[in-house]
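> Using only what follows, build the 3D model:
(2 chains)
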Amino acid sequence: MANDQSTAAFVEFERVQKSYDGETLVVKDLNLSMPKGEFLTMLGPSGSGKTTCLMMLAGFETATHGEILLDGNPINNIPPHKRGIGMVFQNYALFPHMTVAENLSFPLEVRKMGKSDREAKITRALDMVQMGAFGGRRPAQLSGGQQQRIALARALVFEPELVLMDEPLGALDKQLRETLQFEITRLAHNLGITVVYVTHDQTEALTMSDRVAVFDDGRIQQLAPPDQLYESPENSFVAQFIGENNTLEGVVKDISGNVAHVELDGGELITCKPVNVTKAGERTKVSIRPERVEYNKERLSEDAHTLKAEVLEFIYMGDIFRTRLRVAGNDDFVVKTRNAPDQVRLKPGQQIEIGWLPEDCHALDA
Amino acid sequence: MADATNTNAGAHADDATGPVLAADGSPLKSSLNKALRAQKLRALALIAPLLIFVMVTFIAPIVDMLFRSVENQIVSETLPRTVAELGDWDATSETLPDDDVYAALYYDLFIAAEYKNHTRLGSRLNYEQTGMSSMFRRVGRNVGDFGELYLDQFEDLDERWDEEADWAALMAHPGYLEDAAEWRDNRDADRIDPRDTPAPRFRLAPGIADLLPQTAQAYSQYAEFMRTEEQETADEDQPWTLVDTMLYNDLMAASEADIAAYSGPMADALQAAHAAVPEFETATLKELFIESDDEWANLDNWATIKVYAPNYTSGYFLTAVDMKLGPDGMVSQPEDQQIYGLLFKRTLFMSMAITISCILLGYPVAWLLANLPMRSANLLMILVLLPFWTSLLVRTSAWKVMLQQQGVINDVLVWLGVVGDGDRLIMINNQFGTIVAMTHILLPFMILPLYSVMQTIPPTYLRAAKSLGATPFTAFWRVYFPQSVPGIGAGSILVFILAIGYYITPEIVGGTSGTFISNRIAYHISSSLNWGLAAALGTILLGAVLILYWAYDRIVGIDNVKLGG
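Numbering: from 1, shown residues only, chains lettered A, B, ... in the order given. Sure thing, here's the model as predicted:
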């Protein structure tokens, strides 16, 4: 987009709440604002309220409280077919009694578009997803991946500015999923459309999105670009949910600026970066990413803190080694190391010392 | 595996011209069949009980019933000689059949009257020509007396012609008489039950069949009648007067020499009779028949007998389509007797009306059922099924209470002032009543297939359509409705086929203008006992349904019919 005002909100949720039964809130006080052209992913475990948010935006569910704005206009009372939002469903929802071309023609027909215009747009949309030759087929004659491409083309063919995707790749196998992840991102960026994408697959969220909103218990736990989300989680749920994570429990001894000292339950004292701990005496969960842990002494920096560890399991995974250790009473402490020629291969039962940089070690809420 | 075998196997595989062989060298196809045969047999054994049950209780009766629509042996079986004689008679000739026909008819009818078969034949022919039933019944009462004339004259000539023992001595084989006497003794002494041990089979005296052929034949039939119907032997009663008539015929035809050459029992009586017969007073059978009922002089009746003489007839089918078989071939029934065409048309029209009403009423209900939450859907389903759990008669009678002129609906309308007390609506005993009651009764058969199809349509389709910009109506009409068409198809076939053969409800609420063809079939089965016509009507109904089914398959495609899943 030429006059892209990337800061002006295109989609906004203002204090949105949703309850189905009048007793429990599925979505609790949701505030979200996204600029035009952004690819935002709602990530969370099932039942976290992410799909409900998407459905409210699409107009299939009404917000119990609060306001949803699209391009500055409240859309709470606009029926779904007048919102002009494209949508891709998990089970594709291609109309089985229509051919691929008829499926694509449907949104254009209901917009009373002329035949030649329709055909041009259908051809362009099919070419866009590399399905140009499949116009005459029925959905049942296509593979899952092909169906998803068609569903994508159908959601884009009427050129909506906002496209919602509800776990669109959930039913596909891994390889196909990865190909399509790339394609969807490419398309979204090329067309400059705004995408709200719902998934429970964190890899998908991290690889595709400009920003990720991590949902849990009806709230956004953290809304941040993927790298921030991974490297500086704001609470222990995000740390656990995004990527692999090692947790050590303990009590904060003291905090001074950017450094906190934590006494682990095993008695060891370690230095961490405080994130959402505020005062001494608080219980905390210390989070360290597996690939930031080092057991090769030469690679550890001078001031690195070390802990004793016992090797429980060593798994060869090709590109990496995955080692399970017992550290400070935790049997599930995982270390990932790159398969380099000089890398040590450990054996179960071996006693080693491990270490990490204090800034890679986050003291989070318990 | 050794190298040599390997190469061999390779050669086999490359040799693609012949049939594919299994490992032991036999053709793959036959080994596959062999492997599958046991499975198939086991499957067949599993379904065999049901298959046999269906064959015996369903297919066989239907085939038998359909067969009755062309079956017509009764005429040729009851009147075999008459039918043979009638072969030469021209039904369009405006002249009555000649005396030979009447003679044959006398012989046939005498025996039929003894066996009391003539009334059945009369009823059968009465379907085609009114009045023939009484004509046969009346002549059946008189035909026994037609031969009295000859009996009396023989009797006057010689008392022995009135004696059963003398007749038996003349006609029966001596061996038969001995067996008969022994059997009689056993019977009279209650040593045997005549129903379990029938009298000995009759044997003619040697040579008598050559001397007196017609008499021998008539007497044999009399003896057989005594044996099977009366549990008596031939010498226990006087022979039929038919035998006397035949004796007169034989004696008139026999030569003097033949009679003189006979030396068995009653030879003298036979010679005396032979000398006397030319002087006998005679009667013309034609006149006797016409005297007993002048319908026997009616050419139409004779034409009917001739037309329906063959063993198989298209007559029932022609009647079922308002035509009839005349001596000149097929002709239309008179206008005022054409009822079946009207009834068929009405049945088709009303079945379609009922099917359409069921679609209109059932579709929204099925949609609700498929889209409501489980609890409410189950409650609604019970309401749909409730009619199934009440008796059909109760439901139909309830409609009678509701719709009659002094009924609930009329009372309410009068109370509301919508109609005046004087002109209450007539809603029962007509087509309207039948359509209302049958729509109610057949509605579940529409709702259930619709529901099971709608259940398989995910709600995301409607959402997808709306998200693509379709109004709720467009989304329904272009996306949901086409996918529910298989359910409509299944429901319509079910309702239509059930409706077209429905009987009870139109019988109770249909009056005269709302009855179906099935009511007519039932009438012919149970009241008029014209089973042939009932079978023909049923066959046409079956044919009509099959044709409609075929047409439906061509237009909609039977693959598009789903009862579920």
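> okay, now the closest residue to A:Val344 other than its chain neighbours: neighbour count?
Sequence neighbours aside, A:Asn296 is the residue nearest to A:Val344 in space, at 6.0 Å (criterion: C-beta to C-beta, 6 or more residues apart in numbering or on different chains). In this view, the C-beta of every residue, glycine as well, is placed from N, C-alpha and C. Neighbours of A:Asn296 under the rule other C-beta atoms under 10 Å in any protein chain shown: 14.
> so A:Asn296 touches A:Gln343, yeah?
Yes. With contact defined as C-beta atoms under 8 Å, A:Asn296 counts as touching A:Gln343 (7.3 Å).
> Now do the shared contacts for these two.
The contact sets of A:Asn296 and A:Gln343 overlap at A:Thr337 (C-beta atoms under 8 Å, 6 or more residues apart in numbering or on different chains).
> Could you check how far the most centrally placed residue in chain A is from A:Gln175?
Residue closest to the mean C-alpha point of chain A, counted by C-alpha atoms, centre = their mean, is A:Ala205 at 2.8 Å. For A:Ala205, the distance to A:Gln175 equals 19 Å [C-beta to C-beta, to the nearest Å].
> hmm, back to that, now for the strand or helix carrying the residue nearest to the centre of chain A, which elements pack on it?
According to DSSP states H and E, A:Ala205 maps onto helix A:202-208. In this structure, helix A:202-208 makes packing contacts with strand A:39-43, helix A:174-191, strand A:194-199, helix A:226-231, judged by 3 or more C-beta pairs under 8 Å, 6 or more residues apart in numbering or on different chains; DSSP states H and E.
> Adding distance to chain B, write those out as TSV.
Formatted as TSV, these follow (distance: least, C-beta to the nearest C-beta, whole Å):
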stretch	distance to chain B
strand A:39-43	17
helix A:174-191	17
strand A:194-199	13
helix A:226-231	28
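> of all these, which lies closest to A:Leu70?
Counting by C-beta to C-beta, A:Leu70 lies closest to strand A:194-199 out of these; the figure is 9.8 Å.
> residues from chain B in reach of chain A?
Within chain B, the residues that sit near chain A (C-beta under 8 Å from any C-beta of the partner chain) are B:458, B:460-461, B:463-472, B:474-475, B:478-479, B:482-483.
> and if we set it to 7 Å?
Counting by C-beta under 7 Å from any C-beta of the partner chain, chain B comes close to chain A at B:458, B:460-461, B:463-464, B:466-471, B:474, B:479, B:482-483.
> ranking those by neighbours, who comes first?
Counting neighbours by other C-beta under 10 Å, B:Leu468 leads the residues of chain B next to chain A with 31 neighbours.
> Next up, identify which helix or strand the closest residue to it other than its chain neighbours is on.
Leaving aside its chain neighbours, B:Leu468 sits nearest to A:Pro107 (3.7 Å; criterion: C-beta to C-beta, 6+ apart). Assigned by DSSP H and E, A:Pro107 belongs to helix A:100-110.
> List phi and psi for the closest residue to B:Glu224 other than its chain neighbours.
Computed as C-beta to C-beta, 6+ apart, the closest residue to B:Glu224 that is not its neighbour in sequence is B:Phe202, at 6.3 Å. The phi/psi pair for B:Phe202 (degrees, to the nearest 10) reads phi -70, psi 140.
> For B:Phe202, give me its contacts.
Shown in contact with B:Phe202 (C-beta atoms under 7 Å, 6 or more residues apart in numbering or on different chains): B:Ala172, B:Tyr176, B:Ser220, B:Ala223, B:Glu224, B:Arg227, B:Ala234.
> Just put the residues you listed in TSV and tack on secondary structure and neighbour count.
Formatted as TSV, these follow (DSSP: H, G, I helix; E, B strand; the rest coil; neighbours: other C-beta atoms under 10 Å in any protein chain shown):
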residue	secondary structure	neighbour count
B:Ala172	strand	24
B:Tyr176	helix	22
B:Ser220	helix	18
B:Ala223	helix	25
B:Glu224	helix	15
B:Arg227	helix	19
B:Ala234	helix	25
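> which element follows the helix or strand containing B:Gly491 toward the C-terminus?
For B:Gly491, the host element (DSSP H and E) is helix B:481-500. Per DSSP H and E, the first helix or strand lying C-terminal to helix B:481-500 is helix B:504-509.
> Put the alpha carbons of that following helix into PDB.
C-alpha atoms of helix B:504-509 as PDB (Å, rounded to 0.1, in the frame of the first residue of the first chain):
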ATOM      1  CA  ILE B 504     -56.800 -47.100   5.100                       C
ATOM      2  CA  THR B 505     -56.800 -43.300   5.300                       C
ATOM      3  CA  PRO B 506     -58.500 -42.600   2.000                       C
ATOM      4  CA  GLU B 507     -61.000 -45.300   2.900                       C
ATOM      5  CA  ILE B 508     -61.900 -43.600   6.100                       C
ATOM      6  CA  VAL B 509     -61.700 -39.900   5.200                       C
END
